[in-house]
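Asker: this one's structure only:
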DNA sequence: CTATCTTTGCGTCGAATTAACACAAATAGT
DNA sequence: ACTATTTGTGTTAATTCGACGCAAAGATAG
């Protein structure tokens, strides 16, 4: 289908900030570019929008085909439009961010990239295009979001312990949170449910295993920083 | 400049939710369409993106040429991408919302529209395209934003009184807020500055005139609803 | 010029929420 | 069984919040 107005439209793409949490570290998935522009530089994964494709579809396609991921939490972040953001010409990028559990996915470089790798968010290389800005904005959004909405569990296993959730929050928010006050707030919100099971094999007292409460309606909470 | 990949890109547009506050009413600016599709229906103002134009530039252009407005508060809201949202074909809309003081602008229908008019947000007609959804999302964003960030003054005169700001908040949030507690929170936040002047000519005790504190760094506040 | 009515500015107080911290139970290793 | 560590639970003081009282300022009427 042709566009119904007069001039040549910009290219339309999605870019993805894929967050993963593993071994008490928050990481982002980056690709190493095989071709110009920004050859051999690290960038966020992305793709041009295909015919009749929604943004989310394009994101899912990237996650599936380039990264082997299915069914991940995905949220539109912001649209980036600086005319010179892509040296090849005018390109609009609708940025999204995704939350995945790295232990559930197998990441491998496709034919389009030299390499694919997780980077700790505090040790990122300088990214190509305007991806530094996109990443910073995504991080900011994630930090804001987890303080009032239950998205943390997207980064953890289906069953997780209170100390694990607590550590996740401290890591993402880059601060210390009193463990006992944190527990009370989370439990009061009914965000998670105690399964009755315990995590076996841990060093000392075995912590309770929780799962996300899918029936949660609109019980809010507020973790202060 | 040509796009650098293979297929024909969707049309790219901006749509604007322009909020105005006047006589204790929150309103939105709508256009009555002169042509199909949605002829004679009310819609949000918008425009197709021109060559090398940023979203904000396109928004400013609409505000300036269609509505005679300059220098208004503008924020990107969300990008809408349903393939069937425009019956003419695939069109992406990057929605923005604007906050203006209606007493500062003169609105007039351009050649593109039958009519331009402010509508009280509680008495909106059914809008064309997917603009009902865009409007609802903008209203939600505005309601959320004013509870923690000083954007209210964008809708008021440069000098305003505490009761005026209070009424604005009650109107936008559609709730009652204790006048004395509201005052304390706002003043503690240093969001506004007392000019020392008083509003003359009012019925009873003359309220103090305040102005927005432009030097405000990151003093947050929180108006609970 | 005084009485009255309304609005605005400032203050108080109990209730609710938060932050800081104490302590005991559970577990592994010695 | 003794120790070190982690986890679950409770307690208390500090802070914030919500509901409300009251007096000062101004307009109007007698």
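Answerer: Happy to help now that I have it. Just so we're clear, the structure is a prediction, and the values are computed from it rather than from any experiment.
Asker: please count neighbours and contacts with C-alpha atoms only from this point.
Answerer: Noted.
Asker: just the element for residue A:145, please.
Answerer: Here residue A:145, judged by DSSP states H and E, is contained in helix A:131-146.
Asker: in chain A, what helix or strand scores lowest on average pLDDT?
Answerer: Evaluated with mean pLDDT, DSSP states H and E, the helix-and-strand set of chain A has its lowest mean pLDDT in strand A:113-120, which scores a mean of 90.
Asker: run a quick neighbour tally on the spatially closest residue to residue A:28 that is not a sequence neighbour.
Answerer: Using C-alpha to C-alpha, 6 or more residues apart in numbering or on different chains and skipping residues adjacent in sequence, the residue nearest residue A:28 is residue A:19, 4.7 Å away. Each residue near residue A:19 was counted by other C-alpha atoms under 10 Å in any protein chain shown, and the total is 24.
Asker: list the residues that contact residue A:19.
Answerer: For residue A:19, the contacting residues are A:26, A:27, A:28, A:29, A:97, A:98, A:99, A:100, taking C-alpha atoms under 8 Å, 6 or more residues apart in numbering or on different chains as the criterion.
Asker: I'd assumed residue A:210 was in contact with residue A:191.
Answerer: No: with contacts counted by C-alpha atoms under 8 Å, residue A:191 stays clear of residue A:210, the gap being 10.0 Å.
Asker: more crowded one of the two?
Answerer: Under the criterion of other C-alpha under 10 Å, the comparison of residue A:191 against residue A:210 puts residue A:191 first, with 23 against 20.
Asker: tell me the contacts of the more buried one?
Answerer: A:150, A:212, A:213, A:216, A:219 are the contacts of residue A:191 under C-alpha under 8 Å, 6+ apart.
Asker: the strands in chain A, which residues?
Answerer: Under the criterion DSSP state E, chain A contains strands at A:11-22, A:25-33, A:42-43, A:46-48, A:73-80, A:91-100, A:113-120, A:160-161, A:192-198, A:208-212.
Asker: pick the most buried one from those.
Answerer: Stretch with highest mean neighbour count among those: strand A:42-43 (a mean of 26; mean count of other C-alpha atoms under 10 Å in any protein chain shown).
Asker: which strands border it, and is each parallel or antiparallel?
Answerer: In the sheet containing strand A:42-43, the strands it pairs with under DSSP bridges are strand A:25-33 (antiparallel).
Asker: tilt between the strand it pairs with and strand A:11-22?
Answerer: If you take axes from the mean of the first three to the mean of the last three C-alpha atoms, to 10 degrees, strand A:25-33 sits at 140 degrees to strand A:11-22.
Asker: now what about strand A:25-33, what contacts it?
Answerer: Contact partners of strand A:25-33, identified using C-alpha under 8 Å, 6+ apart, comprise A:17-21, A:39-45, A:109, A:112-121, A:171-172.
Asker: excluding sequence neighbours, find me the nearest residue to residue A:59.
Answerer: The shortest distance from residue A:59 to any non-neighbouring residue, by C-alpha to C-alpha, 6+ apart, is to residue A:14 (6.6 Å).
Asker: who touches the one you found in this structure?
Answerer: Going by C-alpha under 8 Å, 6+ apart, residue A:14 touches A:46, A:47, A:48, A:49, A:55, A:58, A:59, A:93, A:94, A:95, A:96.
Asker: nearest to DNA strand D among those residues?
Answerer: Here the nearest of those to DNA strand D, counting by C-alpha to the nearest atom of the strand, is residue A:96; it sits at 32.2 Å.
Asker: how about residue A:76: what's its closest non-neighbour residue?
Answerer: With C-alpha to C-alpha, 6+ apart as the measure, residue A:96 is the residue that lies nearest to residue A:76, at 4.3 Å, once sequence neighbours are left out.
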